[in-house]
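Colleague: Sequence plus the predicted model coming up.
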2 protein chains.
Amino acid sequence: MKVHIIGLGLIGGSFALGLKKAFPEVEISGSDASEEHLLKAQELKLIDCAATLEEAKDADVVIIAVPVDVAKKVALQVLDVVGNNTLIFDAGSTKAGLCEAIAAHPNRRNFLAAHPIAGTEFSGPEAAVETLFLQKTNIICEVEKTAFKLQERALEIFQKLGMRIRYMDPASHDRHIAYVSHLSHISSFMLGKTVLQKEQNEKDIFDLAGSGFASTVRLAKSSPAMWTPIFQQNKNNILETLEEYINNLSEFRELLKNDNFQEVFREMERTNHIKTILNGIN
Amino acid sequence: MKVHIIGLGLIGGSFALGLKKAFPEVEISGSDASEEHLLKAQELKLIDCAATLEEAKDADVVIIAVPVDVAKKVALQVLDVVGNNTLIFDAGSTKAGLCEAIAAHPNRRNFLAAHPIAGTEFSGPEAAVETLFLQKTNIICEVEKTAFKLQERALEIFQKLGMRIRYMDPASHDRHIAYVSHLSHISSFMLGKTVLQKEQNEKDIFDLAGSGFASTVRLAKSSPAMWTPIFQQNKNNILETLEEYINNLSEFRELLKNDNFQEVFREMERTNHIKTILNGIN
């Protein structure tokens, strides 16, 4: 199997490592907008060689793992050059814009729109992890628009990497993922900002931060280059979630101000219920 | 060494386990407002026996590990009955109110006000962990008000449990801890609430939640009985941090609304700086 990966960061690099483990005979070529990342990916043996899209157009699989704004353009470029037998899939955190951009392309059936819910707060080729996708959910959108034999190839790959598959339409994907992923990143970035503003002259204070703070602020280490276009593409859904989050925080503030600690207790007690729901997420 | 622990939950129970490991000859008695917790603590062999305060008043050490509202009353009760040779310390997440409450007590010198920055989102005797305090920061307030020989005893215990010691006045402690601990809990509880509200009819959706969401919402599993009195006692500092957090979120929302994605990028880039600061917190 010949695979070409466009974008050799955390996600593209982890696909490379996972595929090498799952398919020992695989040949992987790759490209990256950053010369430095491309060299690093070769040095780390994520890929066997560098290749241009023209050189890689007869690959069995082309994986697009670039920021979501670039992904649209790249998807169209790849669709323009591949033949009938090449599966293309992406891994972006927004799906409606991409699906719309490629909808009318004559080679649409070569493409599978995917979103593996997997990642860490780190980025670049060095962040790649062989088991990143193990037991993670992979959301596939508009599966019916992909050629049947290419669906099969994709599912075999996802299965061998240990993913659980869920099917969803692009609009629902973007709406739900705004709540369970995008909002978490904003809450974490702004928490980090608030504490940094206050404590900028007192570095020692971070000595006092425990694992609770580290956990809530972990996502504030994420890559702005990856996240800015996600926020841009999913702006409307995110604005809705952010509005509700700010309202809830403001209501909680009023309860504190008014010394309504009975209701403060109940608010927390009701949300404790999230324990049972989160069982199973690691 | 005879130790008496009042409150046999996560913190009290972890002190019991840690002390048994560090001081094999220690005898530990305990009490808890909940009969169920007291029995569970005996069953789990956290303590050697149950004891009343009257029975335990000649212990070498009395540890107070109860919610911070109860801690004030309990501290005064213990101070009332102990002799010169008993060290009392607490482990609460607010310090100004407690230090003020005991300031005028004739036995003030028996007391050491402490706050180990350690915990998990779980509670009760079953949540106790032998190594909970290993390599964690323990903030000691008003150390000069504790008898010298009792300071020494406390430091030996904290050292054997693997804690790093920091000294701070109670008002500074409460102000800083509002930022690096209390605010994280509110942001997490309200994030959990926001997502639960939206997704209440779509349980499947949590299948889509990845480790990022789990990380930011982890603290929403924390005990309301422990946290309500903390928010109550540190109300003013928390209101200030919450105000700043809501302002930062609102500003971020405006940037999104106005399509100012250049500034959205810069906001995240500036906060990324937290990476270097958080190195070392696990």
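Modeller: Ah, there it is.
Colleague: use CA for all of it now, contacts and neighbours both
Modeller: Noted.
Colleague: Please list all residues in contact with the closest residue to A:E27 other than its chain neighbours.
Modeller: Distances taken as C-alpha to C-alpha, 6 or more residues apart in numbering or on different chains place A:K2 nearest to A:E27, at 4.9 Å, with adjacent residues excluded. Going by C-alpha atoms under 8 Å, 6 or more residues apart in numbering or on different chains, A:K2 touches A:V26, A:E27, A:I28, A:S29, A:A59, A:D60, A:V61.
Colleague: Where in chain A is the helix or strand with the lowest mean pLDDT?
Modeller: Here the helix or strand of chain A ranked lowest by mean pLDDT, DSSP states H and E is helix A:274-278, holding a mean of 76.
Colleague: what does stretch A:4-22 contact?
Modeller: By C-alpha under 8 Å, 6+ apart, the list of residues contacting stretch A:4-22 reads A:26, A:28-33, A:37-38, A:41, A:46-47, A:51, A:56, A:59, A:61-66, A:91, A:119-120, A:122-133, A:157, A:160-161.
Colleague: Chain B next: which of those are close?
Modeller: A:G119, A:T120 (C-alpha under 8 Å from any C-alpha of the partner chain).
Colleague: out of all of them, which helix in chain A is the longest?
Modeller: The residue-count maximum for a helix in chain A (DSSP state H) belongs to helix A:235-257.
Colleague: relative to helix B:235-257, how tilted is that one?
Modeller: 160 degrees (axes from the mean of the first three to the mean of the last three C-alpha atoms, to 10 degrees).
Colleague: model confidence over helix A:235-257, on average?
Modeller: Mean per-residue pLDDT for helix A:235-257: 97.
Colleague: Show me what whichever helix or strand comes after that helix is packed against.
Modeller: Following helix A:235-257 in sequence order, the next helix or strand is helix A:261-272 (DSSP states H and E). Judged by 3 or more C-alpha pairs under 8 Å, 6 or more residues apart in numbering or on different chains; DSSP states H and E, helix A:261-272 is in contact with helix A:235-257, helix B:183-199, helix B:224-233.
Colleague: among those helices, which is the most enclosed?
Modeller: Of all the helices and strands packed on helix A:261-272, helix B:183-199 carries the top mean neighbour count, a mean of 24, counting by mean count of other C-alpha atoms under 10 Å in any protein chain shown.
Colleague: Counting neighbours, what do you get for the closest residue to chain B within chain A?
Modeller: Using C-alpha to the nearest C-alpha, the single residue of chain A nearest to chain B is A:T216, 4.2 Å away. Neighbours of A:T216 under the rule other C-alpha atoms under 10 Å in any protein chain shown: 30.
Colleague: where in the stretch 151-282 of chain A is pLDDT low?
Modeller: A:200-205, A:279-282 (pLDDT under 70).
Colleague: Tell me what angle the longest helix of chain A forms with helix B:183-199.
Modeller: Going by the same axes, to 10 degrees, helix A:235-257 makes 120 degrees with helix B:183-199.
Colleague: Show me what stretch A:57-70 is in contact with.
Modeller: By C-alpha under 8 Å, 6+ apart, stretch A:57-70 touches A:1-9, A:11-12, A:71, A:74-75, A:78, A:81-83, A:85-94, A:225-227, A:229-230, A:233.
Colleague: do that again at 6 Å, thanks
Modeller: Defining contact as C-alpha atoms under 6 Å, 6 or more residues apart in numbering or on different chains, one finds that stretch A:57-70 is touched by A:2-7, A:12, A:82, A:86-92, A:226, A:229.
Colleague: gap between the two ends of it?
Modeller: One end of stretch A:57-70 sits 19 Å from the other (C-alpha to C-alpha, to the nearest Å).
Colleague: Show the residue spans covered by the strands in the stretch 1-150 of chain A.
Modeller: Using DSSP state E, counting those that start in this stretch, the strands assigned to the stretch 1-150 of chain A run over residues A:2-6, A:27-31, A:49-50, A:61-64, A:87-90, A:111-116, A:137-141.
Colleague: who wins for proximity to B:H273 among those?
Modeller: Among the strands of the stretch 1-150 of chain A, the nearest to B:H273 by C-alpha to C-alpha is strand A:111-116 (27.3 Å).
Colleague: Just the C-alpha atoms of the closest one, please, in CSV.
Modeller: Output of strand A:111-116 as CSV, limited to C-alpha atoms (Å, rounded to 0.1, in the frame of the first residue of the first chain):
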residue,chain,number,x,y,z
PHE,A,111,-12.9,11.7,-0.8
LEU,A,112,-13.9,10.6,2.7
ALA,A,113,-14.5,13.4,5.2
ALA,A,114,-13.2,12.3,8.6
HIS,A,115,-12.5,13.7,12.0
PRO,A,116,-10.6,11.5,14.5
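Colleague: partner strands of it, parallel or antiparallel?
Modeller: Partners of strand A:111-116 in the sheet, by DSSP bridges, are strand A:87-90 (parallel), strand A:137-141 (antiparallel).
Colleague: got the ones you listed as CSV, with mean neighbour count and mean pLDDT columns?
Modeller: Output for these, formatted as CSV (neighbours: other C-alpha atoms under 10 Å in any protein chain shown; pLDDT from 0 to 100):
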stretch, mean neighbour count, mean pLDDT
strand A:87-90, 26, 98
strand A:137-141, 22, 96
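Colleague: Now the residue of chain A closest to chain B: closest residue in space, sequence neighbours ignored.
Modeller: Distance criterion C-alpha to C-alpha, 6+ apart; nearest residue to A:T216, sequence neighbours excluded, is B:T216 at 4.2 Å.
Colleague: my read: that neighbour touches A:R218, true?
Modeller: No - contact criterion C-alpha atoms under 6 Å: B:T216 and A:R218 do not qualify, at 7.8 Å.
Colleague: A:V62: how many residues sit nearby?
Modeller: Neighbour number of A:V62 under other C-alpha under 10 Å is 28.
Colleague: So which of the strands of the stretch 1-150 of chain A is nearest B:V264?
Modeller: strand A:111-116 (23.3 Å).
Colleague: Need the residues that contact that closest one.
Modeller: By C-alpha under 6 Å, 6+ apart, the surrounding residues in contact with strand A:111-116 are A:I88, A:F89, A:D90, A:A91, A:G92, A:S93, A:T137, A:N138, A:I139, A:I140, A:C141, A:T146.
Colleague: got it, and stretch A:117-135?
Modeller: A:8-10, A:13-14, A:17-18, A:41, A:137-138, A:161-163, A:219, A:221-222, B:210.
Colleague: measure that stretch end to end?
Modeller: First residue to last in stretch A:117-135 (C-alpha to C-alpha) measures 10 Å.
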